[in-house]
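Visitor: predicted model and sequence below, questions to follow.
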Amino acid sequence: MEDINMADLTQSSSPQLKADIKPPRPASVENSLIQNILLITRDGQYLGTNGPAAAIAFSGNGAVGELFDLDSVTHPFFERLLMPADQLGKSVVRNPAGKWINRFGRPDQTDVVAYLGECWIRLQQEKLRSPAEDPVLLGRIEGLILENLQLGFQVPDLFAPQSFPTQLVGFYFTTKDQHGEHLTTLIHKLFTHPSSCDFNLPDASSAILTILRDKAKTITLMNMMVYKAAEAYTIDLYGVSLCLFEAVVHFVSTFSTNPITAKLLMDFCTPRNPRDTIGCEQSLLGLLLRLSCLPEHNDVPPEFFESKAAGIGASEIASTEKFVWSNTERAIDAVFGVVNNIVRQSAELREAFLLWVGNCLSANFARAKMWQPNLQFQVSLCSDGFMMNLSAVLLRLCRPFMNPAANPKILKIHPLFAASRKYLRQMAEETTLLPKGQSQTVYEYCTVYSRESQPFHLSSSYSEEKVPLLNPPADFNFITTCFFLCHESIRLGWGVVWDRFGKLNKHLGELEGRLELARETNNQEERHEIEQFMIKAASRHLSMKAALTLPQNLELMIELSVCTATWLSQMAVQPSITTADLPSAYLPLFPTDLSVPVPVHLAYIPELLLENILEVLHLHHRLPSTTGVTGNWSWQYEWMVELMNVVLVYMPSPARMRNPHLRGKMAMMMHNVRNIDRRTERQGGRQTDGLKIRQIVSQTDRHNFFENRIIMRRYIYPADDAA
């Protein structure tokens, strides 16, 4: 951004005027800094060869020719801020010296915030240009700029009709590309500098963030990367073009990189009522998270994959999917960057964010019943796009302990989290692997691993005991909380859409049958009605498919599934965890001749962890060709082993997992994993054929009810036939 030349402000002086110019006298350091940074001067003829190209000639209460110092500049500087536009134009003088240094901005800037912002940038440039300059002098000028900026927020009537929040957002948007680092420092110092005017931090930050929230409401997945002239979005000070999404994210990211401003951001985004179902989505962070190809509810037509009577071509579908995936991942990564900054600032802010997520999920617990066609019920809850993107952000937070598969950090996940209502109020009521708090059968389960004719010999004994009720710890570590919040968000977001996608597929299949029948019977009216409905349904179907198969998101969900499988397998063999103490080392899953009592903490682990694993692998099996990079994965052998282990640990053991239906479904999980990459069997992997599965079931607890074995075979034989 070029600085203005004096030719734009004044006409060239006459030769007579040049002849009358007095030789400059030595100027003080303070006066030079004031002229170079604030662009005001007592007398224009003393700007100097290293001074600015132009400045506002302002004598104030002193005599003409008197130099500025830091003690006398406060009042003249404030009067400069109050100058009307016509007077500013008349007060501009140029530097009579033949050589000067171009400075950012213009001396006759009429917007007060823009002028103060330009002064700030010139100050930072002066620090870089003259690192040996007295830091005390620069610090006093910095304080002068910040105090007047704070004053404008605290007493807006002084500068009416100018709006400091609006001007600050406009100045930030239009200069962030050239001076982003200096603007970040300005925002941080604005809210951390000691104020002499009782600067109200929440009110000032709320005024700025409210403007950003209003602008975020206009952003959609379709227009998020569109560049327009700045005047289309804000005050255009410098004639630049900008992308509104990038500008808003840049400003929000600036707030997230300082402890004080990050707290102001979290306070602004937190609903007053923690049970508000859509409060988080309507917040500033929520509006950035809701960017998705999915409509807000079923009554709204999708924005993408517009159906035509002739259908949608394969190339059009592929290009639209690529566009949707690219923009969705860009939005998710942007919000994750903000969240990652917030949680790294302090333990208090990390806890505030986790509570924000927990309250949001708890308030939207009814999304688990989204199969209901009640439109009013759907509108009152968060949208599908918001919940799916929230789970994507949490998946990225879980990434440090998800990979590699046997990460030692996995053992830091506490199994009693579900019994605590601190973050997820309803998770304590979820069905767990074993019932708790009542008289039940407690098994001692022994697994012997052999490489002979029968690889697994299973035996068990049981007795009637009462599982004690355990009190969960008061606090949980970040890994534990993030792990369970992520699983709950997957169930309420991705899981709901996946379930609805399956039902829509089934309904479309039924309609195809009816359409074929209508064609055979030449029923034109019914045929036309069905075709019109299928055209509309095709758009919704493709939008849901694109959202479900977001490449990076699905890849992370599979990594989380492997991580969860590893943790569940270890929880089955670790000693009972009843306090805050957690295991420090992995134990063998299939010890030889060792009786392993069933740990009590299995009665506090919700079944939804296994259900999420099953559904994620089911999707990857059903839609292998549309999952981006994951469609061509060469699966790590360790991942296959971990997924097989959790099946071999839980499926044959009602002592570890009581639900026979869920144990039966694990046969389908083995089938899904087996078909991902058959090369693992050639690499020494354990056999996964139907015969082995039936052997496990046949050897499962001879005391078990007969119907339980029948239920498991209900899932095993279809899996074996498909394989």
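Guide: That came through, no problem. Residues are numbered from 1 along each chain as shown.
Visitor: wait, Ser561 touches Glu615, no?
Guide: No: using CB atoms under 8 Å, Ser561 is not in contact with Glu615, being 9.3 Å away. Backbone N, C-alpha and C define where each C-beta goes, glycine included.
Visitor: between those two, which one's more packed in?
Guide: Of the pair Ser561 and Glu615, Ser561 is the one with more neighbours under other CB atoms under 10 Å, namely 27 against 22.
Visitor: just give me the neighbour total for the nearest residue to that one once chain neighbours are set aside.
Guide: Of all residues not flanking Ser561 in the chain, Ile613 sits nearest, at 4.4 Å (CB to CB, 6 or more residues apart in numbering). Residues within reach of Ile613, counting by other CB under 10 Å, total 25.
Visitor: for the stretch 301-450 of the chain, give me the ranges with low pLDDT.
Guide: Applying pLDDT under 70 to the stretch 301-450 of the chain flags residues 307-311, 370-379, 405, 437-450.
Visitor: mind redoing it with 80?
Guide: Along the stretch 301-450 of the chain, segments meeting pLDDT under 80 span 306-313, 369-379, 403-406, 436-450.
Visitor: that one: helices as residue ranges?
Guide: Assigned by DSSP state H, counting those that start in this stretch, the stretch 301-450 of the chain shows helices spanning 314-343, 347-363, 375-379, 384-402.
Visitor: tell me which of the ones you listed sits most buried.
Guide: The highest mean neighbour count among the helices of the stretch 301-450 of the chain, using mean count of other CB atoms under 10 Å, belongs to helix 384-402: a mean of 24.
Visitor: which elements pack onto it?
Guide: helix 284-289, helix 314-343, helix 347-363, helix 478-490, helix 496-520, helix 524-548, helix 551-573 (3 or more CB pairs under 8 Å, 6 or more residues apart in numbering; DSSP states H and E).
Visitor: next, format the ones you listed as JSON lines and append distance to Gln154.
Guide: JSON lines is the format used below for the helices and strands packed on helix 384-402 (distance: least, CB to CB, whole Å):
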{"stretch": "helix 284-289", "distance to Gln154": "23"}
{"stretch": "helix 314-343", "distance to Gln154": "26"}
{"stretch": "helix 347-363", "distance to Gln154": "25"}
{"stretch": "helix 478-490", "distance to Gln154": "37"}
{"stretch": "helix 496-520", "distance to Gln154": "46"}
{"stretch": "helix 524-548", "distance to Gln154": "45"}
{"stretch": "helix 551-573", "distance to Gln154": "44"}
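Visitor: among those helices, which is nearest Val226?
Guide: Counting by CB to CB, Val226 lies closest to helix 314-343 out of the helices and strands packed on helix 384-402; the figure is 10.8 Å.
Visitor: which other helices and strands does the helix or strand harbouring Leu648 contact?
Guide: When elements are assigned from DSSP states H and E, Leu648 belongs to helix 637-650. Judged by 3+ CB pairs under 8 Å, 6+ apart, the packing partners of helix 637-650 are helix 551-573, helix 608-622, helix 660-674.
Visitor: which residues does the residue nearest to Gly493 when sequence neighbours are not counted contact?
Guide: In space, and not counting its chain neighbours, Gly493 is closest to Met387: 3.1 Å by CB to CB, 6+ apart. Applying CB atoms under 8 Å, 6 or more residues apart in numbering to Met387 gives the contacts 364, 367, 489, 492-494, 496.
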